[in-house]
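[1] Using only what follows, build the 3D model:
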Amino acid sequence: MVDFDGTLIASDSLVESLVALLKRQPWCVLLLPVWALKGKVALKAEIAKRVHLRVETLPYRADLIDHLRAEREAGRMLVLATAAHHSIADAVAAHLKIFDDVLATDGQINTKGTAKRDALVERFGMRGFDYIGDHRADVPVWGASRVAHVAGGRRGLPELAHRAGASLGQPFVSAGPGLRIWLRAIRVHQWVKNLLLFVPMVMAHRLDARTALTVAAGFLAFSLLASGTYLINDLLDLDADRKHPSKRSRPFASGQIPLTQGIVAALLLIVAGFGLGTILGTRPLVYLLLYFVVTIAYSLRLKYHPILDVVALAFLYTLRILAGGAAADVRISQWLFQFSVFLFLSLALVKRYSELHRIQTEGDGDRSARGYRPADLTIVSQFGICAGLIAGLVLALYVNGPDVQLLYPKPHVLWAVCPVFVYWIVRVWLIAGRGGMNEDPILFAFRDRTSYLAGLAILIVMFLAMLPHVS
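    Below is the predicted model:
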């Protein structure tokens, strides 16, 4: 007898179904309390009516599957005994083709704990079966079984199973999520994008400690909020990530982190981000709220609509600049705003172009990348290169504008920034065109030696333009 949630798979089918439902029909969140009041059986039935879980991509425990196949070859009867809805259990049995029978939640009984024990004892008798489970709710079942096999990583379960009266069998242990896995899940490396909050402060030469501390608090608020939204995005993208060659190893898709823990962590991070934002004042808090709303809209809908997706990404990057200006109490010039919009639009298109290029290279012309097709490569690259060059033009106009005269004694020196920037943006597109852009272009810039040299050259030019004696 084998349990399903947490045992046969390193996940929970009810939570997976619930997340899938809220992704497709977000308004159903209002109906959940009504369904829950009717009981667990009714809740599972209502969700099952609206969601058909893709059991083929679930994170099955390979070692347990191998053990079950060996037992079946030895002539033992295998029963999938789970509290999951019968529609899910039947689909799993049909997919794996190793079970002789299925015991699952139907329209009357939630087959969990004592209910599962009673059903198994009625059919096989006391001590007439072995049972593999992973939860304290399985203790009553172990108490009626001959041999107790424990799966998962919960501490103390083997002792509880033994005390219940069963002999201990083979463990199928998996370690719980460590710090490294959690850091991967919240994508700490993506926090570098929030360094954009410091741009207005630097451009306005507001380098005092008080301003820096305020912007640093904004950086932390955006980082916490971003990590919370990354968790939500990964929860919503479980099915797509499991079919992706690299994303299937993400902590939620692979089952390394329980979905319930991910939901709790996302809520805590979001609350912490907004809590810190309240200290910064009204304007930064408004930008935080706008960032959150657009990010959730992007995760739910916008990323599946061509052009709208890259516009949303460009807006989210530009929003960080606006938030940095609000935190530092610095007015964002129209030049900086326009430059940011076109630059980040170009970089967002680099990301989409790289995805399309990978699909075309793999030779799977029928696949699409969030609404795009491999045939769209040319238009995407043209659009992106033009946006990048327009950003260079805005930069040139800024260098020749009146705002520069107030900040730099020798503004003509800043003209040297323009060719450096144009070189960098064209190089990014050249690398993407050759299939070498395998990550977010912002993260690429923080890992690319040439990008650091270009950034250093720009800083040197800005410093020279600030020296009155330079001619």
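
[2] Any buried residues in the helix or strand bottoming out on mean pLDDT in the chain, and which?
    Using mean pLDDT, DSSP states H and E, helix 402-407 stands out as the lowest-scoring helix or strand of the chain, at a mean of 76. Taking 16 or more other CB atoms under 10 Å as the basis for neighbour counts, the residues of helix 402-407 that come out buried are Asp403, Val404. To be clear about C-beta, it is placed using only N, CA and C from the backbone, and glycine gets the same treatment.

[3] And the helix or strand following that helix, what does it pack against?
    For helix 402-407, the succeeding helix or strand toward the C-terminus, using DSSP states H and E, is helix 417-433. Under the contact definition 3 or more CB pairs under 8 Å, 6 or more residues apart in numbering; DSSP states H and E, helix 417-433 sits against helix 334-361, helix 377-399, helix 441-447, helix 449-465.

[4] how does it look with 7 Å?
    helix 334-361, helix 377-399, helix 449-465 (3 or more CB pairs under 7 Å, 6 or more residues apart in numbering; DSSP states H and E).

[5] Measure how it sits relative to helix 449-465, angle-wise.
    170 degrees (axes from the mean of the first three to the mean of the last three CA atoms, to 10 degrees).

[6] What's the local residue count around Leu280?
    A count of neighbours around Leu280, defined by other CB atoms under 10 Å, yields 19.

[7] Contacts only, for Ala328.
    When contacts are counted by CB atoms under 7 Å, 6 or more residues apart in numbering, Ala328 touches Pro200, Met201, Arg206, Thr211, Thr214, Val215.

[8] would you turn the residues you listed into TSV with secondary structure and distance to Leu319?
    Conversion of the contacts of Ala328 to TSV gives the following (DSSP: H, G, I helix; E, B strand; the rest coil; distance: CB to CB, whole Å):
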residue	secondary structure	distance to Leu319
Pro200	helix	12
Met201	helix	16
Arg206	coil	20
Thr211	helix	20
Thr214	helix	17
Val215	helix	15
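
[9] Arg320: which of these is nearest?
    Pro200 (9.9 Å; CB to CB).

[10] give me every residue that touches that closest one.
    Ile321, Gly324, Gly325, Ala328, Val330, Ile332.

[11] How about it, nearest residue that isn't a chain neighbour?
    Nearest in space to Pro200, with sequence neighbours left out and distances taken as CB to CB, 6 or more residues apart in numbering, is Gly325 at 3.9 Å.

[12] Thr295 now?
    Nearest residue to Thr295 in three dimensions, chain neighbours excluded: Thr229, at 4.4 Å (CB to CB, 6+ apart).

[13] what's the helix or strand for that neighbour?
    Under DSSP H and E, the secondary-structure element containing Thr229 is helix 209-236.

[14] If you count neighbours, what's buried in that helix?
    Of the residues in helix 209-236, 211, 214-215, 217-236 count as buried by neighbour count, 16+ other CB under 10 Å.

[15] thinking again about what came up before, most neighbours among the contacts of Pro200, which one is it?
    Taking other CB under 10 Å to define a neighbour, the member of the contacts of Pro200 with the most is Gly324, carrying 28 neighbours.

[16] Could you list the buried residues of stretch 201-208?
    Of the residues in stretch 201-208, those buried (16+ other CB under 10 Å) are Met201, Val202, Met203, Ala204.

[17] again with stretch 62-70
    Of the residues in stretch 62-70, those buried by neighbour count under the rule 16+ other CB under 10 Å are Leu64, His67, Leu68.

[18] Now do it: everything it contacts.
    Residues outside stretch 62-70 that contact it (CB under 7 Å, 6+ apart) are Val2, Leu8, Leu78, Ile98, Ala151, Gln170, Phe172.
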